[in-house]
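Asks: coordinates only, no sequence provided:
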């Protein structure tokens, strides 16, 4: 009996090892390619023959490369950072405001708003993208970061489901208690409910902060061809344009790797809080 | 309930239960049966002259009850609002019927050439719809206003106190706090969600698109105003929709059903492979005797932490026809073997992302690679909450691992994650990133009818729509697809949520 157990544990570890290897091969490829000396894409060797760190250095040597306008990593990084910070602030505020009013306030039309927003959520951004582009153009906000921030954050109120779900688990008796203590509705929001929602706020902050780093569709459409306005996502995406593939594949890998590190860290933190948030609703006795 | 009390303790508000806690059911939505229009009519019938007058001048009702500041503000806003509509949307309303008649042209003025005062059909459409929406909002506010003013009248008659301006402002952080909270997010949603949807619906009924009907240099018009060369009206209202459902009209109809079928199949496969794969992986990592659980989990999560546009483009190049993985496959003789088994049509490489069947297979596989770690994370959390006693008693009754999995673990997951599965399914129907990043610039279709409709076999409806607008400028056709996808997804969600959440379970949590 004891022996069979050991065997099954070894087998499990082997299976896990193989799976983990499959999952990590592309990431490993990203890692080693970013240290490859020649800039093209390798078709015969997994590991580079000559190692070098010049890809990372190139990313930050803006002046030399502006001729094809394609290596402006620092500018792109700052652009994305600014957009991400503002998007994060606005989105989080909006989501918290909507979640609180739908979770705690009882008013006429609440059900209607919830149903309507569920239907609107069904409507993916890609579908209305072209109209949003023309709308932004009519407002003269194309090729501008303000336009990007609006596109990313204006509709964020619809993404209240997870946060509201979390708030729904907070007992109403806390609210009653606060009212008896003479708290206004606004006071309850700021002083009672928000402190209780910390894990889900962390989740919301990180997830809305990460959004601009990963989106290339809207960014491409709204920021257009002016490469010094680009975000990292479009910048990197454009490095792999057919005509540039051989000149910039390793730069793409280096750039991708560089932003993946902070994003991964944030992502791991977010996941922890996310799991905490969504499972907290289900473990009631 | 135990959770609630612990939470209460943490904020130190525990002294409250002097009065028994109010049951949640007591604060259900007020006025469940709403008599929206009936209330309006009563207000008109029983209202005095001020109430009736405020149908025209919205501020009068407040001024009559000594809410002077509020009355003046409302009155000013009403005037400004109406003026704004007239000046902003008025000119477009006048041309809404035709969407413009003056084509873009150069005209000579003396020695200079300049652009004429042309009509931009898109701006006419946009301004009109914004205008219509503003009017709609105005009507809602108007109805609300009359009811509010009538309410004031009743209060005055009964001698109950009427709020002064300061109290009105204060109510925005008290009883009307939800208005304060919802105002800005609602404006945002109107701007970025509702208006675009309305405009999109309108575009589906025009001939907007192609080289001949794209503003600013050309006009477009409603489908029922489309004329042939002799000036005869030939268009019908549903012309754009008919292209998809009318079997005699070949290309779009052909491509649409093919792509719709694949979209459905894809969404099913993608949702369930990731769902089950994630649970299995989580169970494997959590099973007895596994060392370094945290490390294993982190290894898998690293893949999803890399932004999708990086990892997917990378994978796309990894699996290129002349890519690194193909070199490895032919080195170990796999390519030859598959060729001899007639599984691939090419001798030198495996067409991972260039052959229709292989591409679809690879997309599902790569999606597993992307999606399973997510589900693994969630499943890990859910697994911890599965009541151990149930599993143990099942084992005592002689159930084996497989039976426990099918009869206890899976049903538990389906209950907990049911709603999430529905949203995942819909998200997969619209999974733009995976499909677009894996096939763009790489995949070319050899099906002439598909190519004529600007579609490719592995396209989903959304990516097809994107290509139609981005590469082909067929805005009207793309809008039709958008509407169809939207209606399908919305219907599906509403029905399945309706079945899943019969009754209002929202309050059960508390």
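Replies: Arrived safely. All figures in this text were calculated on a predicted structure; none of them were measured in a lab.
Asks: residue B:184: how many residues sit nearby?
Replies: When neighbours are counted by other Cβ atoms under 10 Å in any protein chain shown, residue B:184 registers 16. C-betas here are computed from N, CA, C, even on glycine.
Asks: what ranges does chain B have for its strands?
Replies: B:106-109, B:112-115 (DSSP state E).
Asks: wait, which of those strands is closest to chain A?
Replies: Smallest distance to chain A across the strands of chain B (Cβ to the nearest Cβ): 17.8 Å, for strand B:112-115.
Asks: looking at that closest one now, give me its mean pLDDT.
Replies: Averaging pLDDT along strand B:112-115 yields 82.
Asks: with stretch A:132-148 instead?
Replies: Here stretch A:132-148 scores 86 as its mean pLDDT.
Asks: got it, and stretch B:398-408?
Replies: Averaged over stretch B:398-408, pLDDT sits at 80.
Asks: can I get the strands of chain B in a markdown table with distance to residue B:88 and mean neighbour count?
Replies: Formatted as a markdown table, those follow (distance: least, Cβ to Cβ, whole Å; neighbours: other Cβ atoms under 10 Å in any protein chain shown):
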| stretch | distance to residue B:88 | mean neighbour count |
| --- | --- | --- |
| strand B:106-109 | 27 | 9 |
| strand B:112-115 | 23 | 9 |
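Asks: save those as a markdown table, and put in distance to residue A:35 too.
Replies: Shown next, in a markdown table, are those (distance: least, Cβ to Cβ, whole Å):
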| stretch | distance to residue A:35 |
| --- | --- |
| strand B:106-109 | 57 |
| strand B:112-115 | 55 |
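Asks: centre of the chain to the biggest helix by length in chain A, how far?
Replies: Secondary structure of chain A per DSSP state H: the longest helix is helix A:245-280. How far helix A:245-280 lies from its chain's middle: 8 Å, per Cα atoms, centre = their mean, to the nearest Å.
Asks: tell me the buried residues in that helix?
Replies: Residues A:245, A:247-260, A:263-264, A:266-268, A:270-271, A:273-280 are the ones in helix A:245-280 that count as buried (16 or more other Cβ atoms under 10 Å in any protein chain shown).
Asks: which intervals of the stretch 151-285 of chain A have sub-threshold pLDDT?
Replies: Applying pLDDT under 70 to the stretch 151-285 of chain A flags residues A:275, A:277-285.
Asks: the strands in it, which residues?
Replies: Counting by DSSP state E, counting those that start in this stretch, the stretch 151-285 of chain A forms no strands at all.
Asks: now the helices for it?
Replies: All helices of the stretch 151-285 of chain A, identified by DSSP state H, counting those that start in this stretch, fall at A:161-168, A:172-180, A:185-187, A:194-196, A:198-214, A:217-223, A:232-239, A:245-280.
Asks: what of the stretch 301-450 of chain B?
Replies: For the stretch 301-450 of chain B, the helices defined by DSSP H, counting those that start in this stretch cover B:308-318, B:324-331, B:334-340, B:356-385, B:388-396, B:401-404, B:410-429, B:432-439, B:448-452.
Asks: reformat these as CSV; add mean neighbour count and distance to chain A.
Replies: Below are the helices of the stretch 301-450 of chain B laid out as CSV (neighbours: other Cβ atoms under 10 Å in any protein chain shown; distance: least, Cβ to the nearest Cβ, whole Å):
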stretch, mean neighbour count, distance to chain A
helix B:308-318, 22, 4
helix B:324-331, 17, 5
helix B:334-340, 15, 14
helix B:356-385, 20, 4
helix B:388-396, 12, 13
helix B:401-404, 12, 11
helix B:410-429, 17, 5
helix B:432-439, 22, 5
helix B:448-452, 14, 19
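Asks: and residue A:55, its phi and psi?
Replies: Backbone torsions of residue A:55, given as degrees, to the nearest 10, read phi -60, psi -40.
Asks: also residue B:217?
Replies: phi -80, psi -20.
Asks: now do the contacts for it.
Replies: Counting by Cβ atoms under 8 Å, 6 or more residues apart in numbering or on different chains, residue B:217 touches residue B:104.
Asks: picking that back up, among the helices of the stretch 301-450 of chain B, which is nearest residue A:218?
Replies: Closest to residue A:218 of those is helix B:432-439 (Cβ to Cβ; 11.0 Å).
Asks: quick revisit: relative orientation of the longest helix of chain A and helix A:198-214 in degrees?
Replies: 160 degrees (axes from the mean of the first three to the mean of the last three Cα atoms, to 10 degrees).
Asks: re the thing from before, can you lay out the helices of the stretch 301-450 of chain B as a markdown table showing distance to residue A:181?
Replies: As requested, the helices of the stretch 301-450 of chain B are arranged in a markdown table below (distance: least, Cβ to Cβ, whole Å):
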| stretch | distance to residue A:181 |
| --- | --- |
| helix B:308-318 | 47 |
| helix B:324-331 | 65 |
| helix B:334-340 | 72 |
| helix B:356-385 | 34 |
| helix B:388-396 | 40 |
| helix B:401-404 | 49 |
| helix B:410-429 | 35 |
| helix B:432-439 | 48 |
| helix B:448-452 | 67 |
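Asks: nearest to residue B:492, of those helices?
Replies: Nearest to residue B:492 among the helices of the stretch 301-450 of chain B is helix B:410-429; the distance by Cβ to Cβ comes to 6.9 Å.
Asks: mind giving me the packing neighbours of that closest one?
Replies: Here helix B:410-429 touches helix B:250-286, helix B:356-385, helix B:475-500, going by 3 or more Cβ pairs under 8 Å, 6 or more residues apart in numbering or on different chains; DSSP states H and E.
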